[in-house]
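Chemist: turn this into a structure:
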Amino acid sequence: MSARLEKLFRRTPGQRRTAFALMLAGIIVVPLAIAGLVSGALASADDRLDAVPAIVVNNDEMVTATLPDGSEQMILAGRQLVTELTGPDTAGFAWTISNSEHAAAALASGEAYAVLTIPSDFSAAINSLSGAEPTQADLQITTDDAHAYLAGSAAQSVGEAMTSSFGRAITTQYLTAFYSGIAEMGSSLGTAADGATTLSSGVGTLAGGLDALSTGAGTAASGAAELADGASGLAGGASGLAGGVREYSTGVDGIASGLATLNSSAAGLTQLSDGVKAYTQGINGAVGQLNPYLDQGMAALGALMPSLTPEQQQAAQGALQAMGGVQAGINQLVGSGDELAAQTATAIGGVQGGIGQLAAGAAQLSGGSDGLRSGADSLAGGASELAGGASELAGGIAQLADGAGASASGAHQLHDGASELATGLGDGAEQASALAGSDPQATAEVIAEPVGVSLERENAISSIGQIIGMVFVPVGLWIGALVIFLLMRPVTALALGSTASTGRIVARGLLRGFAIAAAQALVVVALLHTALGVSWAALPATLGFSLLMAAAFVAVHHFLVTAWGRTGIVVSLVLLALQLTSAGGLYPVEILAAPFQLISPILPLTWAVQGMQAIVAGVGGGAVGTPALVLAVFALLGALGSLAVVARRRGARSFAFALAQS
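Modeler: Here you go, the predicted model:
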């Protein structure tokens with residue numbers, strides 16, 4: 001019976017060829033399918049960072065800045081950053097706005113992969129860039145390695161790009177204000193330059209005044225030369241005066257000599273009384289001879305009168321009167337010779353006395369008139385020439401005064417220009433004083449990078465071994481389950497044909513597989529703690545969760561192989577590739593293509609990686625409990641699926657196997 005049944009169910013050669021062809025096709029297609037799944041899932045990962053959920057918390061406080069013109073401006077740098085982050089054209093994460101409490105809860109639950117916190121002094125730090133002590137504005141990005149390890153690195157890159165872009169904008173604003181200040185300083189320096197120009201103009205005017213002063217000095221020199229010429233003329237006049245005085249002295253000497261002769265001749269008048277008759281006879285001849293001398297003497301004395309002193313004039317007047325008397329007497333004598341004879345003695349005595357006085361006065365006049373006339377004439381001539389030179393000198397001094405006035409005006413302009421220059425330079429110095437006392441190197445560093453970002457990784461996974469452990473422990477257990485059912489049939493034909501219950505048959509296969517998988521879990525957990533650096537404190541969690549993973553994966557593979565036989569192994573390989581790309585852990589699933597994001601929550605490896613990652617990161621509670629519950633559901637579904645398949649297959653054919661073995 002058994003031989004007939006074996007022959008009945010033996011495959012034909014055609015069937016064997018078909019099976020071989022399918023197996024060969026599977027061998028060829030499976031690697032291509034795996035590669036296609038991986039490339040399809042991650043092909044657009046670089047372009048999907050903006051789908052990764054992240055939260056920005058704005059704790060910034062507004063500050064008020066005073067502008068150079070005295071007006072006040074509100075600074076809300078935090079709001080500006082939030083506006084840029086949440087704008088439609090912003091590259092990076094999908095930023096939403098929230099508060100600190102909600103952000104922390106979302107990060108812990110995995111709803112958000114990063115939280116950007118803007119501190120309360122952010123605007124104050126931005127405003128400090130224009131002061132003497134600029135401070136870098138610090139941002140903080142917080143990630144949680146318990147959900148996506150590479151999210152921290154991505155957040156760091158996004159944060160650096162963000163701060164670079166925003167810092168560039170802040171630097172642009174700072175440089176704009178800086179160059180505006182430079183322009184204002186340039187304007188002030190321009191004013192100073194204008195003042196310097198005015199100063200230069202004033203100096204030019206001063207130079208012109210000095211030129212005029214020089215010209216006046218030249219004119220004064222010319223006047224001095226003319227004064228010298230006047231002095232020469234004065235000397236010539238003095239020389240002419242000396243000649244006139246000499247002539248005058250000669251005349252006075254002649255008069256004095258004649259008077260002296262007259263005085264000596266008067267001595268013979270005593271004989272007049274004896275020779276009256278002879279006198280009478282010769283009086284007419286004597287009078288004719290004497291009158292010219294008297295006229296000449298009287299004329300000379302009359303000419304000298306204006307230049308004589310009062311005493312001399314009095315003496316000369318007496319002499320003139322005497323001479324007039326003499327002349328009258330002579331004339332009377334001529335008229336009355338007899339009376340003349342009687343009065344001769346008396347008259348001659350008076351004549352002799354008058355002639356003596358006249359001779360003495362004439363002699364005195366002759367002695368002093370030379371010096372007097374010479375000094376007076378020289379003084380008059382010198383004074384006249386001196387007046388001319390003084391007039392010329394006065395003209396030169398007037399021009400000198402005009403030049404001095406122009407110099408004074410230029411000095412005033414010089415003062416005004418210097419004042420404008422001082423004011424302009426003072427304004428420029430006041431604007432530059434904002435940088436006084438600042439540290440140039442520190443200021444340059446802050447201006448070059450005005451906004452900094454610090455990354456804080458919560459539940460940090462600190463070693464490569466931990467990263468390998470959180471991913472490859474689940475993957476290793478999946479592959480281990482695959483190998484178990486590659487080498488061991490979950491349900492034999494004998495079991496199908498036996499009288500054992502379906503539940504018992506399925507349970508037997510699951511328990512056999514789980515026993516081996518549990519041993520695998522022990523091995524990988526030991527490796528996790530010894531070689532990969534996971535703390536031994538987490539051993540209960542890692543061991544318990546690994547055993548749960550082993551049970552779930554055994555149940556899934558039991559179902560796959562029970563339902564599709566060897567094809568189930570191929571399906572497992574394809575699922576492995578699909579789950580490796582869709583599970584996340586290392587990166588946010590939001591960067592995957594939409595179909596992979598859709599199927600990620602329904603794949604067991606997703607939850608296995610998530611739970612193991614939470615354990616390695618040191619997170620407990622719901623972060624581990626939820627994946628454990630989901631894996632338990634997968635284990636239950638796998639067992640129920642296997643139970644349904646075995647129950648369906650146990651029919652007439654199974655009974656025939658059982659009869660053949662009996």
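
Chemist: for the nearest residue to Leu631 once chain neighbours are set aside, which three-state class applies?
Modeler: Distance criterion CB to CB, 6 or more residues apart in numbering; nearest residue to Leu631, sequence neighbours excluded, is Ala552 at 4.3 Å. To be clear about C-beta, it is placed using only N, CA and C from the backbone, and glycine gets the same treatment. Counting by DSSP: H, G, I helix; E, B strand; the rest coil, the backbone at Ala552 sits in helix.

Chemist: so Ala552 sits against Ala635, correct?
Modeler: Yes: the pair Ala552 and Ala635 qualifies as a contact (CB atoms under 8 Å) at a distance of 4.1 Å.

Chemist: more neighbours, these two?
Modeler: Ala552 (31 against 23; other CB atoms under 10 Å).

Chemist: which residues touch that one?
Modeler: Neighbouring residues of Ala552 by CB atoms under 8 Å, 6 or more residues apart in numbering: Pro604, Ala608, Leu631, Ala632, Phe634, Ala635, Gly638.

Chemist: hmm, 10 Å instead?
Modeler: Counting by CB atoms under 10 Å, 6 or more residues apart in numbering, Ala552 touches 474, 477-478, 481, 514, 517, 604-605, 607-608, 628, 630-639.

Chemist: separate out the buried members of those residues.
Modeler: Burial by neighbour count, 16 or more other CB atoms under 10 Å: within those this picks out 474, 477-478, 481, 514, 517, 604-605, 607-608, 628, 630-631, 634-635, 638-639.

Chemist: which ones among those map onto strands?
Modeler: Among the buried ones among the contacts of Ala552, none falls in strands (DSSP state E).

Chemist: which parts of the stretch 1-150 of the chain are helices?
Modeler: Applying DSSP state H, counting those that start in this stretch to the stretch 1-150 of the chain gives helices spanning 2-9, 13-42, 77-85, 100-109, 122-127, 149-265.

Chemist: cool, the stretch 501-650 of the chain as well?
Modeler: 502-530, 539-564, 566-582, 594-599, 604-616, 622-649.

Chemist: these: lowest mean pLDDT?
Modeler: Mean pLDDT is lowest for helix 594-599 among the helices of the stretch 501-650 of the chain, at a mean of 80.

Chemist: how is this protein carved up into domains?
Modeler: The record's domain split for the chain, according to automatic domain parsing, is 2-43+463-661, 49-200+427-458.

Chemist: mean pLDDT for those: which is lowest?
Modeler: domain 49-200+427-458 (a mean of 67).

Chemist: so how far is Leu139 from Gly469?
Modeler: Using CB to CB, to the nearest Å, one gets 32 Å for the distance from Gly469 to Leu139.

Chemist: got the contact list for the residue nearest to Val556 when sequence neighbours are not counted?
Modeler: Counting by CB to CB, 6+ apart, Gly638 is the residue found nearest to Val556 once chain neighbours are left out, at 4.4 Å. The contact partners of Gly638, taken as CB under 10 Å, 6+ apart, are 506, 510, 551-560, 562, 604.

Chemist: Gly110 against Ala617, yeah?
Modeler: No: the pair Gly110 and Ala617 fails to qualify as a contact (CB atoms under 10 Å) at a distance of 11.6 Å.

Chemist: run a quick neighbour tally on Ile599.
Modeler: With other CB under 10 Å as criterion, Ile599 counts 14.

Chemist: so what's it closest to, chain neighbours aside?
Modeler: Residue nearest to Ile599 in three dimensions, not counting chain neighbours: Ser582, with 6.0 Å by CB to CB, 6+ apart.
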